[in-house]
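J.: Just the structure for this:
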Amino acid sequence: MYGNCLILKNLLYFTELCYIFLTKTLIFFKIASGDGNMGNVNFIMSDGLLINGALIGNIESSNLVIMLHSGGYDYHEHGVKNVIKDGDRRIKNYYNQLGNYDYLSNCLKDDCAILLIDQRNHGKSGKNIDIEKMIQEIKRINSNINNSIIKEIIDCFLKNDKKKLNVIVESLNLNEDEKDKMAVLIKRPIIKDMSFLQMKDDLVEVLQQLKYIKSFPNIHLVGTCMGGLVASLYAIENPENIKSLTLFSPLLAFDAVFLKPESEFGVKKFNIINSGGQFRMGNAVEGMNTQKEIEFISQTFYKKFEQLNIPTLCIQGMDDALIPYMEQNKIFYNFIKYKDEHNLAPVYYTQIDNAVHCLYNGIFPALMEVTNFITSNFEDEKQKQNKL
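T.: Predicted coordinates for the structure are as follows:
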């Protein structure tokens with residue numbers, strides 16, 4: 001299926017120890033609440049935002065497969081095929097009953113540990129709010145709300161604690177107009193522009209915290225869409241323990257997707273952002289800061305990626321409305337060519353006919369190939385092959 005075609009010293013120290021202990025305890029009790037080999041896990045980032053996920057599979061394995069989802073969804077993403085309006089209701093039809101990562105996890109769970117995480121502002125993770133602007137807006141709605149209550153409200157957004165947030169807001173002495181404005185703010189908080197570098201840093205913190213529970217010497221990254229870019233950025237910065245990199249429709253065609261789009265969808269998004277607005281698709285929020293970051297990343301990304309000595313598999317759908325497959329072809333042709341010439345770990349690239357963005361309708365033809373690619377790069381599997 002795939003082919004080789006290319007972080008007062010003593011006080012700071014004490015604070016850090018407390019942070020580590022509390023984080024470790026939080027993660028431990030979340031895992032312990034599972035059935036022995038799986039459980040929900042929460043990680044607190046340095047800015048206070050909660051990252052939610054699940055640690056499943058064979059936790060005793062030395063291999064950890066980390067799955068990073070696409071923009072707008074959680075780790076059970078299964079892709080909206082269409083939306084049908086039925087009066088005031090909007091009925092969503094999906095490509096599959098389960099998400100791509102659910103299917104892939106079922107194939108891998110006996111042989112390795114699997115970490116699925118909701119990236120910031122996605123799923124059950126915290127909201128990526130602009131704290132300063134949120135505080136200003138809360139005070140504008142009612143200037144009598146004291147700072148301690150505002151701090152609690154902000155923390156509820158960072159932890160995505162909707163139940164506690166509603167209790168706090170209901171306890172406030174707000175008039176009807178203020179209640180309406182607060183309801184709008186809760187439903188549509190002020191979100192910062194999406195940052196791929198921030199999400200990469202989140203992954204760094206997640207793995208640092210996870211080490212206090214279980215250390216996995218062999219990391220395998222799987223990324224879809226924006227998760228593919230985040231996984232690639234992490235691998236470039238931390239290549240030493242990454243044993244394989246699997247990408248589904250990764251956002252690596254920077255010009256076509258972000259900077260110089262030609263598709264109807266891309267042009268619409270580009271115009272909204274360049275007029276000073278934010279483009280929101282589900283929980284993915286792009287703005288001018290996102291554009292500037294992509295411009296920065298693109299200056300060195302391709303050169304750094306082609307120098308990676310990590311086995312890589314990329315699968316691209318040919319009916320991808322976001323990423324022109326011919327652009328992806330060119331990028332990976334150059335990667336493959338460079339790695340072949342410099343005797344680096346191979347890059348495998350393949351396309352699937354009629355497959356849409358994120359391969360929602362194309363995961364099954366690639367499922368066994370992806371599984372085989374990942375497991376073939378398990379360290380114990382490599383040692384077996386070397387003995388043979």
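
J.: alpha carbons only for contacts and neighbour counts from here, please
T.: OK.

J.: I'd like to know how far the residue nearest to Lys192 when sequence neighbours are not counted sits from Lys181.
T.: Of all residues not flanking Lys192 in the chain, Asp130 sits nearest, at 5.2 Å (Cα to Cα, 6 or more residues apart in numbering). Using Cα to Cα, to the nearest Å, Asp130 is found at 17 Å from Lys181.

J.: now swap in Thr371 and tell me
T.: Separation of Thr371 from Lys181 (Cα to Cα): 49 Å.

J.: what mean pLDDT does whichever strand or helix holds Glu295 have?
T.: Here Glu295 sits within helix 288-298, counting by DSSP states H and E. Computed over helix 288-298, the mean pLDDT rounds to 97.

J.: Please spell out which residues along stretch 358-373 are buried.
T.: Cys358, Leu359, Tyr360, Asn361, Gly362, Ile363, Ala366, Val370, Thr371, Phe373 (16 or more other Cα atoms under 10 Å).

J.: Let me have the residues you listed in JSON lines, adding distance to Ile66 and secondary structure as columns.
T.: Putting these into JSON lines (distance: Cα to Cα, whole Å; DSSP: H, G, I helix; E, B strand; the rest coil) gives the following:
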{"residue": "Cys358", "distance to Ile66": "17", "secondary structure": "helix"}
{"residue": "Leu359", "distance to Ile66": "18", "secondary structure": "helix"}
{"residue": "Tyr360", "distance to Ile66": "19", "secondary structure": "coil"}
{"residue": "Asn361", "distance to Ile66": "22", "secondary structure": "coil"}
{"residue": "Gly362", "distance to Ile66": "21", "secondary structure": "coil"}
{"residue": "Ile363", "distance to Ile66": "18", "secondary structure": "helix"}
{"residue": "Ala366", "distance to Ile66": "18", "secondary structure": "helix"}
{"residue": "Val370", "distance to Ile66": "14", "secondary structure": "helix"}
{"residue": "Thr371", "distance to Ile66": "13", "secondary structure": "helix"}
{"residue": "Phe373", "distance to Ile66": "15", "secondary structure": "helix"}
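
J.: Let's have these in JSON lines, adding pLDDT and distance to Leu210.
T.: Converted to JSON lines, those look like this (pLDDT from 0 to 100; distance: Cα to Cα, whole Å):
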{"residue": "Cys358", "pLDDT": "92", "distance to Leu210": "28"}
{"residue": "Leu359", "pLDDT": "92", "distance to Leu210": "30"}
{"residue": "Tyr360", "pLDDT": "90", "distance to Leu210": "30"}
{"residue": "Asn361", "pLDDT": "89", "distance to Leu210": "33"}
{"residue": "Gly362", "pLDDT": "88", "distance to Leu210": "32"}
{"residue": "Ile363", "pLDDT": "86", "distance to Leu210": "29"}
{"residue": "Ala366", "pLDDT": "88", "distance to Leu210": "30"}
{"residue": "Val370", "pLDDT": "96", "distance to Leu210": "25"}
{"residue": "Thr371", "pLDDT": "96", "distance to Leu210": "24"}
{"residue": "Phe373", "pLDDT": "97", "distance to Leu210": "25"}
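
J.: Tell me which stretches of this protein form strands.
T.: 39-44, 50-57, 63-68, 80-86, 89-94, 113-117, 218-224, 242-248, 279-281, 284-286, 312-317, 347-352 (DSSP state E).
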